[in-house]
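J.: Got a sequence here, can you build the structure:
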Amino acid sequence: MTTDLVSRFVKRYVAGATIDIDFRQSTDSSNVTALFGPSGCGKTTLLRCLAGLIHPDEGVIQFRDQTWFAADRNIALSPQQRDIGFLFQEYALFPHLTVTENIGYGVHDHTSAQRQHRVAQMLELFDLKGLELRHPRQLSGGQQQRVALARTLARRPKLLLLDEPLSALDTLLREQLRGELRAVLAELGTPVILVTHDRVEAIALADRVAVIDAGSIQQIGSVQDVFTRPKNAALARLVGMETIVSGEIVDVLDGLATVRVGTTSLLAVAPLTAVRQVHVCIKGEDVALQKGSSGSSSVRNHLNATIRSLTQEGPLVRVGLDCGFELTSLITRPASEELQLKVGDPITAMLKAPAIHLVPAAAGSLSASHPG
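T.: Numbers count the residues shown, from 1 in each chain. Next comes the predicted model:
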């Protein structure tokens, strides 16, 4: 008996788009996987195929020892037969039912005693006590979300599928509920797959990320690996790395590569493959700024730069820099105010070597040099 959800299928649309999926998910713990990518890339198609709401044109979907879909054997189990929980973006609460009745609907086929016990558990788990007799219109957006989750989970599904679970909420409430939702998902002991196009949401909620683009999974791994070590420049752009520039490795010594970017040299962790032409990928939050001399800092890269632009982005400030190439730094507003940043000011940009991710850009090799 396998402990995995295995999905290998093709779904074709009349408009010409083809979704070609090869996806595997561990199901032996409360593992949360985010399907991340731009609108129209195939995320929701994968989720709906897993749920049984639509059927692929070919392929197979298996959950543990049960086949949910097999095109060559005409197997296509209904959502009810798959025993999954699916939470839509709109929550779809019954407006005429109370909180208790909405949650109880998820276990309407249980005995009265079982239903009351399960509803009480959900009210406790989702911090809904005191709201039992309210109707959806009397609840905040966050409370509605918790009721919808409670109703979905009351029946203890084998797998929980969430379609953009926070998208119906305003920005402030989304930020507040990310932590709450993550804590609830960790407590459930149910494997979870969620769809999101929001990088912050994927990082906050998931253990693993599957990046989908142009109808197929391009990279899958831990949140840390996917968002800090994308396997190519296209994926670096997709996961939101602010600086992606071409560079040339001119030397490798003791695991560190000297990379020429424009008129500037950087020290970065050398790629595993010996190449010369690379893409240099840097996250904005990894670029620290300092006025004047950087002193005795142990940071490998100290770049003399000029501030070219300052853009407010909520609690952050995006700082455009010229340091022989275009570099972006993301810092907090208090940090920006403390530094008294102004366009045209000289500044020192500091970067640790491991924060610079190099991916091969073209064929070519470089032999490691050695002292002496």
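J.: C-alpha only now, for contacts and for neighbours.
T.: OK.
J.: C323 touches N301, doesn't it?
T.: No: counting by C-alpha atoms under 8 Å, C323 stays clear of N301, with 11.6 Å between them.
J.: mind listing the helices for the stretch 201-350 of the chain?
T.: For the stretch 201-350 of the chain, the helices defined by DSSP state H, counting those that start in this stretch occupy 223-228, 233-238, 333-339.
J.: To E313, which of those helices lies closest?
T.: helix 333-339 (9.0 Å; C-alpha to C-alpha).
J.: average pLDDT for the closest one?
T.: The average pLDDT for helix 333-339 rounds to 94.
J.: tell me the domain boundaries of the chain?
T.: 4-228, 241-360 (automatic domain parsing).
J.: Report the distance from the shortest one to the chain centre.
T.: If I follow you right, that is domain 241-360. Remark: domain 241-360 is offset 24 Å from the chain centroid, using C-alpha atoms, centre = their mean, to the nearest Å.
J.: measure that domain end to end?
T.: Using C-alpha to C-alpha, to the nearest Å, one end of domain 241-360 lies 16 Å from the other.
J.: Can you give me the pLDDT of V147?
T.: Looking at V147, its pLDDT stands at 92.
J.: That one falls within a helix, correct?
T.: Yes: counting by DSSP: H, G, I helix; E, B strand; the rest coil, V147 is part of a helix.
J.: do you know how far it is from G106?
T.: 11 Å.
J.: quick one on the thing from earlier: now the domains of the chain in a markdown table, with distance to L235 and mean neighbour count?
T.: A markdown table is the format used below for the domains of the chain (distance: least, C-alpha to C-alpha, whole Å; neighbours: other C-alpha atoms under 10 Å):
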| stretch | distance to L235 | mean neighbour count |
| --- | --- | --- |
| domain 4-228 | 8 | 18 |
| domain 241-360 | 9 | 18 |
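J.: looking at those domains, which one has the lowest mean pLDDT?
T.: When the domains of the chain are compared on average pLDDT, domain 4-228 comes out lowest at a mean of 89.
J.: how long is it end to end?
T.: Span of domain 4-228 from end to end, C-alpha to C-alpha: 26 Å.
J.: quick one: it to chain centroid distance?
T.: Relative to where its chain is centred, domain 4-228 has its mean C-alpha point 14 Å off (C-alpha atoms, centre = their mean).
J.: helix, strand or coil for F86?
T.: The three-state label given to F86 by three-state DSSP is strand.
J.: Distance check, it against A274.
T.: 46 Å.
J.: Spatially central, which residue of the protein would that be?
T.: A202 (2.6 Å; C-alpha atoms, centre = their mean).
J.: pretty sure that residue is touching V211, no?
T.: No: contact between A202 and V211 fails when scored by C-alpha under 8 Å: they sit 10.4 Å apart.
J.: what do the two both touch?
T.: Here A202 and V211 share the contacting residues F36, scored by C-alpha atoms under 8 Å, 6 or more residues apart in numbering.
J.: Excluding covalently adjacent residues, which one is nearest to P38?
T.: Nearest residue to P38, sequence neighbours excluded (C-alpha to C-alpha, 6 or more residues apart in numbering): H197, at 5.7 Å.
J.: so who does that neighbour touch?
T.: Per C-alpha under 8 Å, 6+ apart, neighbours of H197: F36, G37, P38, S39, E164.
J.: Please list all residues in contact with the closest residue to K342 other than its chain neighbours.
T.: Leaving out its chain neighbours, the residue that sits closest to K342 by C-alpha to C-alpha, 6+ apart is I307, at 7.0 Å. I307 sits next to V319, G320, L321, D322, L341, K342, V343, G344, D345, P346, I347 when contact means C-alpha under 8 Å, 6+ apart.
J.: Counting only strands, which of those make the cut?
T.: In strands, defined here by DSSP state E, the members of the contacts of I307 are V319, G320, L321, D322, P346, I347.
J.: Name the residues linked to the first one by a beta bridge.
T.: Here V319 shows beta-bridge partners L310, S329, assigned using DSSP bridges.
J.: Make sure it is actually in contact with S329.
T.: Yes: look at V319 against S329 with C-alpha under 8 Å: they come within range, at 5.1 Å.
J.: what's near enough to touch A349?
T.: V287, A288, L289, Q290, N301, H302, L303, N304, A305.
J.: Sounds good, over and out.
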